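Trainee: Next input, structure requested:
(one chain, ligands or ions: 2)
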Amino acid sequence: MTARILDGKAIAARIRAGLAARTATLSFRPGLRVVRVGEDPASGVYVRNKDKAAKEVGFDSATVHLPESTTEADLLATIAALNADPAVDGILVQLPLPAHIRTEAAIAAVDPAKDVDGFHPLNAGRLAAGQPGLVPCTPRGVMHILAESGATLRGARAVVLGRSQIVGRPMAQLLLGADCTVTIAHSRTRDLPAECRRAEILVAAVGRPEMVRGDWIAPGAVVVDVGINRLPDGKLVGDVAFAEASAVAGAITPVPGGVGPMTIACLLENTLDAALARRGAA
Ligand SMILES: Nc1nc(=O)c2c([nH]1)NC[C@@H]1CN(c3ccc(C(=O)N[C@@H](CCC(=O)O)C(=O)O)cc3)C=[N+]21
Ligand SMILES: [Mg+2]
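Mentor: Numbers count the residues shown, from 1 in each chain. Ligands and ions are numbered 1, 2, ... in the order given. I've put the predicted structure just below:
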């Protein structure tokens, strides 16, 4: 068997085209501000890609780049000013932040109504409580990919590998909301390969290059690889050993071109959602 490739790049392009068409009908431009602190090299590329994607769908987008020496108080003041700015619908504080700034303090400072990352504890709580709110972009993107895969979610055994606040936990909540039977497995799980082999839907989000081997996968499973790991030789690989896995799985996302582009498309979806909710408009 050779797995069907779930082309996140193509799905993301369709979502972005739909968002552009929708934005063109609005009487205002959704406003996005990405806050970057310091010079983390990967952040530079990611932030540019987000800004470019937002401008392409017609949003009013800008990056606020603060120096490495920015204090936590300065960052919180910048966030407070964006919270108060009526032209701003979405605020994203790019991670990682410099070590002298408390990440949780920055996340908690964002107005939950403008929290397009869905990282604020109020939005995390809403998701866990089954209430509407802004949902983290990567898990939202994975749900789109699963919808496109044609997999039946109701009653399916789903295993989420990884328990981060940003991906694993919200991912499990969304799958639960879609009536999957959800297991969250992680680095302390006893017999990880056996847990993964039970999965009809496997979402890998551990940040360990090619950790999930072919014999961890049930024949025909849908495998979504959230990992983006840069090897010493510059090659980009996921958390799943792609060649081995695609010989067993029914469908699988590639890296690159899988979940990554969906994360950006869902940031744009969240920004439009936030704008419509805040402005009470359609
Ligand atoms: N507050 C915050 N929100 C984030 O959503 C956030 C963040 N901080 N910090 C960094 C991570 C990483 N991230 C990615 C988004 C898109 C791709 C992406 O589009 N990847 C492409 C290209 C990868 C490449 O060539 O480098 C792909 O997978 O095909 C990757 C990574 C968002 N992040
Ligand atoms: Mg810190």
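
Trainee: which stretches of the chain form helices?
Mentor: 8-24, 41-56, 72-84, 103-109, 121-128, 137-149, 168-177, 192-197, 242-246, 259-279 (DSSP state H).

Trainee: Out of these, which is closest to L161?
Mentor: Proximity to L161 (CB to CB) singles out helix 192-197 among those, at 6.6 Å. Glycine gets a C-beta too; all of them are placed from N, C-alpha and C.

Trainee: So which elements touch the closest one?
Mentor: Packed against helix 192-197 by the contact rule (3 or more CB pairs under 8 Å, 6 or more residues apart in numbering; DSSP states H and E) you find strand 157-161, strand 181-185.

Trainee: so the first one versus helix 168-177, what angle?
Mentor: Yep, that's strand 157-161 we're talking about. Here strand 157-161 runs at an angle of 170 degrees relative to helix 168-177 (axes from the mean of the first three to the mean of the last three CA atoms, to 10 degrees).

Trainee: pLDDT wise, what is the most centrally placed residue in the chain at?
Mentor: Closest to where the C-alpha atoms of the chain average out (CA atoms, centre = their mean) is T138, at 1.6 Å. We have a pLDDT of 98 for T138.

Trainee: That one contacts V167, correct?
Mentor: Yes - here T138 lies in contact with V167, judged by CB atoms under 8 Å, at a distance of 5.1 Å.

Trainee: Look up the residues that both of these two are in contact with.
Mentor: 205, 226 (CB atoms under 8 Å, 6 or more residues apart in numbering).

Trainee: Which one of the helices and strands packed on helix 192-197 lies nearest to ligand 1?
Mentor: In terms of CB to the nearest ligand atom, the element of those nearest to ligand 1 is strand 157-161, at 17.5 Å.

Trainee: Residue of the stretch 151-282 of the chain nearest ligand 1, please.
Mentor: G260 (2.2 Å).

Trainee: show me what contacts that residue?
Mentor: Applying CB under 8 Å, 6+ apart, we find G260 in contact with 8, 228.

Trainee: now swap in T23 and tell me
Mentor: Neighbouring residues of T23 by CB under 8 Å, 6+ apart: 29-30, 57-59, 272.

Trainee: So which of these is the closest to ligand 1?
Mentor: For the contacts of T23, the nearest to ligand 1 is V57 (15.2 Å; CB to the nearest ligand atom).

Trainee: My guess is that closest one contacts L268. True?
Mentor: Yes - V57 is within contact range of L268, at 5.6 Å (criterion: CB under 8 Å).

Trainee: From the domain annotation, what segments belong to each domain of the chain?
Mentor: 28-113, 136-260 (automatic domain parsing).

Trainee: Of those, flag the one that's most buried.
Mentor: domain 136-260 (a mean of 20; mean count of other CB atoms under 10 Å).

Trainee: before we move on, back to that, can you add distance to P219 and give the helices of the chain back as a markdown table?
Mentor: Listed next are the helices of the chain as a markdown table, based on distance: least, CB to CB, whole Å:
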| stretch | distance to P219 |
| --- | --- |
| helix 8-24 | 23 |
| helix 41-56 | 36 |
| helix 72-84 | 48 |
| helix 103-109 | 40 |
| helix 121-128 | 32 |
| helix 137-149 | 16 |
| helix 168-177 | 21 |
| helix 192-197 | 10 |
| helix 242-246 | 11 |
| helix 259-279 | 23 |
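
Trainee: Got phi/psi on the residue in the stretch 101-250 of the chain that ligand 1 sits nearest to?
Mentor: Across the stretch 101-250 of the chain, the shortest distance to ligand 1 (CB to the nearest ligand atom) belongs to D117, at 4.7 Å. Phi and psi for D117, reported as degrees, to the nearest 10, are phi -80, psi -20.

Trainee: contacting residues for it?
Mentor: Taking CB under 8 Å, 6+ apart, one finds 92-93, 107, 110, 134, 136-137, 267, 270 in contact with D117.

Trainee: show me which of those residues neighbour ligand 1.
Mentor: Subset of those in contact with ligand 1: 92-93, 137, counting by CB under 6 Å from any ligand atom.

Trainee: Leaving out the residues flanking it, which one is nearest to the residue of the stretch 51-200 of the chain found nearest ligand 1?
Mentor: For the stretch 51-200 of the chain and ligand 1, the shortest gap (CB to the nearest ligand atom) falls at L95, measuring 3.8 Å. In space, and not counting its chain neighbours, L95 is closest to T103: 6.5 Å by CB to CB, 6 or more residues apart in numbering.

Trainee: Many thanks, we can stop here.
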